[in-house]
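Chemist: With the input below, show me the fold.
(2 chains)
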Amino acid sequence: GAVVSQHPSWVICKSGTSVKIECRSLDFQATTMFWYRQFPKQSLMLMATSNEGSKATYEQGVEKDKFLINHASLTLSTLTVTSAHPEDSSFYICSASTGTRGLEQYFGPGTRLTVT
Amino acid sequence: RKEVEQDPGPFNVPEGATVAFNCTYSNSASQSFFWYRQDCRKEPKLLMSVYSSGNEDGRFTAQLNRASQYISLLIRDSKLSDSATYLCVVNAPLGDMRFGAGTRLTVKP
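Modeler: Residues are numbered from 1 along each chain as shown, chains lettered A, B, ... in the order given. Predicted coordinates:
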């Protein structure tokens, strides 16, 4: 149980385009989903926290107009990187929590974004 | 000061060795604590939760000292497959998680 999927697993796009990443909890309902970014040899950095049906809470320094998060259902959250730039190239990982399992988070496999 | 700080590593140990990782956190109101393991280019996977009373899972022992805001992970009889980056994770009062920078472990034959 507690499986989280992400799609796509790897995407290459050109500067200026937008990319949507999907995060799904497959066998449980996630009241909260988190989006992280990880640069090479660095730890995960929380970008935003989203609860189903409400606006996401962004961490300081993360542009909410550039990283659009939608959490329309208890099993799906999306992150859209708008007007992508090469510096947005990173590993994006989502996680999901039910809030009832000791606040443990279950991570998706990640999406590697390369902006050329 | 970082919210979660870990030993910088890397740790290079022979098979069978015992290795200990330390972690400190700055927010005294933190509520839950975890150790995650992350393999290269993969997502983190929960290794174990950390409880005030200390807990053990096979070769792995985790301890929490709330007074000192300190968490530890001990790996006994290390295996080649234990090679990974170990992340100390602290659940902040508002529910979001804060990650340490990770400590890389390499177990050599």
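Chemist: check contacts around residue 89.
Modeler: Using chain A. Contacts for A:Ser89 (Cβ atoms under 8 Å, 6 or more residues apart in numbering or on different chains) come out as A:Leu113, A:Thr114, A:Val115. Glycine gets a C-beta too; all of them are placed from N, C-alpha and C.
Chemist: that's the other chain; I wanted chain B
Modeler: B:Val4, B:Phe33, B:Phe34, B:Trp35, B:Tyr36, B:Pro44, B:Met97, B:Arg98, B:Phe99, B:Gly100.
Chemist: Which two among those are spaced furthest apart?
Modeler: Farthest-apart pair in these is B:Phe33 and B:Pro44; separation 14.4 Å (Cβ to Cβ).
Chemist: Of the two, which one has the most company?
Modeler: Higher neighbour count among B:Phe33 and B:Pro44: B:Pro44, with 29 against 22, using other Cβ atoms under 10 Å in any protein chain shown.
Chemist: Just the pLDDT at B:Arg1, thanks.
Modeler: Reported pLDDT at B:Arg1 in the predicted model: 67.
Chemist: what does A:Val81 give?
Modeler: 97.
Chemist: Is it bridged to anything, and to what?
Modeler: A:Val19, A:Phe67 (DSSP bridges).
Chemist: how much space between it and A:Glu63?
Modeler: Using Cβ to Cβ, to the nearest Å, A:Val81 is found at 10 Å from A:Glu63.
Chemist: B:Val50 too?
Modeler: Taken as Cβ to Cβ, the span from B:Val50 to A:Glu63 is 34 Å.
Chemist: Same list (the contacts of A:Ser89) but as JSON lines, adding distance to chain B.
Modeler: As requested, the contacts of A:Ser89 are arranged in JSON lines below (distance: Cβ to the nearest Cβ, whole Å):
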{"residue": "A:Leu113", "distance to chain B": "13"}
{"residue": "A:Thr114", "distance to chain B": "13"}
{"residue": "A:Val115", "distance to chain B": "18"}
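Chemist: Quick one, which of these are buried?
Modeler: Among the contacts of A:Ser89, those classed as buried by 16 or more other Cβ atoms under 10 Å in any protein chain shown are A:Leu113, A:Val115.
Chemist: B:Pro8 sits in which helix or strand?
Modeler: For B:Pro8, there is no host helix or strand (DSSP states H and E).
Chemist: is it true that it touches B:Gly102?
Modeler: No: contact criterion Cβ atoms under 8 Å: B:Pro8 and B:Gly102 do not qualify, at 9.5 Å.
Chemist: Of the two, which one has the most company?
Modeler: Legend: neighbour count by other Cβ under 10 Å for B:Pro8 and B:Gly102, higher for B:Gly102 (26 against 10).
Chemist: Report the distance from stretch A:8-18 to the chain centre.
Modeler: 14 Å (Cα atoms, centre = their mean, to the nearest Å).
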